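Asks: Provided below are the primary sequence and the corresponding predicted coordinates.
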Amino acid sequence: MKSGRDATRRNRNIGTAKRGHGQNNRLVIPTRWHPDLTIYYQNLGKYRNVSRDVGGHPITFLVEETRAGCYHACTPDDIIHVLRFVAPSDLKGIELIVLRQPKRKEEALSGVWGRWASSVEIDGYSGSAVFLEAADIANPIRWPKSLAPDQQMELERLRGDGHTITTTKRYHIISLSLASVRSTQLYRTLIHEIGHHVDYSQDRGKFTVKLASEKETFAHRYADDLGTELRKRRLIPFERIISAEQLKEDKLRISDFEAT
């Protein structure tokens, strides 16, 4: 009778994640180590700082240089123009606006229009921050054809922002332009992220235990309400505020904001 372990029998876990298969080549977001800086989106490359003021409230912009084909759709003066219509109490605590160039792996794994962070540390600059990401205009975004109801709603919002959307058998292909990205980020994302800041500021204890869906509902409602009010008052949309002279004064590259 044959007994004991058959060394030639294949282990059922060989070639699977349980045995580490594929772990070395997983697409992950690299994080540069730093004793006080471990969140990847705080790791900026070459950037400039720009100071602005909103009704006596100082705002510091950190503007990261973009790679070829990528642009910051919103200029600092675009953003300041919108912030003038936000209640001063809602802006209290926001110290930084970061115009950031995402890495290619970050775009593939967790591409976003922007984000809010309650507290950041970037080379001595600190505080609550709103990030807006540079866009690779030439590369369309692909969403699967089958979408959850909230994703379908967002697709329609993107259509309303001016993005061209083509539906194939498998995908919704979202083609970008500088104008459509600006519309999304300036009139929705920026205000949405301020909504997260307001939600957090009202009750930090409750915010930490809220479900992500509840936080998103609050921020969407905040952005929708303020956006609707500003449109009724005809304060948005408005022409892009960009000046070669102002960019030069701020020591910013015009190529980070438009093709030259």
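Replies: Yes, it's here. Residues are numbered from 1 along each chain as shown.
Asks: and S175, what does it touch?
Replies: Residues in contact with S175 (C-beta atoms under 8 Å, 6 or more residues apart in numbering) are 140, 163-166. Bear in mind the C-beta positions are built from the backbone N, C-alpha and C, glycine included.
Asks: Export those residues to CSV and append columns for distance to S175, pLDDT and neighbour count.
Replies: Formatted as CSV, these follow (distance: C-beta to C-beta, whole Å; pLDDT from 0 to 100; neighbours: other C-beta atoms under 10 Å):
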residue, distance to S175, pLDDT, neighbour count
P140, 5, 93, 16
H163, 7, 97, 20
T164, 4, 97, 13
I165, 8, 96, 15
T166, 7, 97, 10
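Asks: Nearest to P76 among the residues you listed?
Replies: Distance to P76 across these (C-beta to C-beta) is lowest for H163, with 23.5 Å.
Asks: Run a quick neighbour tally on the closest residue to the closest one other than its chain neighbours.
Replies: Excluding the flanking residues, the one nearest H163 by C-beta to C-beta, 6 or more residues apart in numbering is S180, at 4.4 Å. Other residues within reach of S180, judged by other C-beta atoms under 10 Å, total 21.
Asks: Quick check: pLDDT value at S180.
Replies: Listed pLDDT for S180 reads 97.
Asks: Please identify the buried residues of the stretch of helix or strand it belongs to?
Replies: Per DSSP states H and E: S180 is located in helix 178-184. Buried residues in helix 178-184, counting neighbours by 16 or more other C-beta atoms under 10 Å, are found at 178, 180-184.
Asks: Same check on stretch 199-218?
Replies: Neighbour-count burial for stretch 199-218 flags 199-201, 207, 215-216, 218 (criterion: 16+ other C-beta under 10 Å).
Asks: got it, and stretch 244-255?
Replies: Neighbour counts over stretch 244-255 (16+ other C-beta under 10 Å) mark 247, 250, 252 as buried.
Asks: Looks like the last one contacts V63 (just checking).
Replies: Yes - when contacts are counted by C-beta atoms under 8 Å, L252 is listed as touching V63 (5.7 Å).
Asks: on that earlier part again, in the buried residues of stretch 199-218, find the pair that's most separated.
Replies: Spatial extent of the buried residues of stretch 199-218 (C-beta to C-beta) is set by the pair S201 and E216 at 16.9 Å.
Asks: still on that earlier bit, name the helices or strands packed onto the helix holding S180?
Replies: The helices and strands touching helix 178-184, judged by 3 or more C-beta pairs under 8 Å, 6 or more residues apart in numbering; DSSP states H and E, are helix 149-161.
Asks: Now the helix it packs on: buried residues?
Replies: The neighbour-count check on helix 149-161 (16+ other C-beta under 10 Å) flags 155, 158, 161 as buried.
Asks: List just the nearest of those to I59.
Replies: Ranked by distance to I59 (C-beta to C-beta), the buried residues of helix 149-161 are led by D161 at 24.2 Å.
Asks: Low-confidence bits of the stretch 51-200 of the chain, can you list those?
Replies: 107-110 (pLDDT under 70).
Asks: residue ranges of the strands in it, please?
Replies: All strands of the stretch 51-200 of the chain, identified by DSSP state E, counting those that start in this stretch, fall at 57-64, 70-71, 94-100, 114-122, 125-133, 135-136, 141-144, 164-167, 171-175.
Asks: Would you confirm that F85 contacts F238?
Replies: No - counting by C-beta under 8 Å, F85 stays clear of F238, with 10.8 Å between them.
Asks: Among the buried residues of stretch 244-255, which one lies nearest to G93?
Replies: The closest of those to G93 turns out to be D250 (C-beta to C-beta; 24.2 Å).
Asks: Might one say that the closest one is in contact with Y47?
Replies: No - counting by C-beta under 8 Å, D250 does not reach Y47; the two are 11.9 Å apart.
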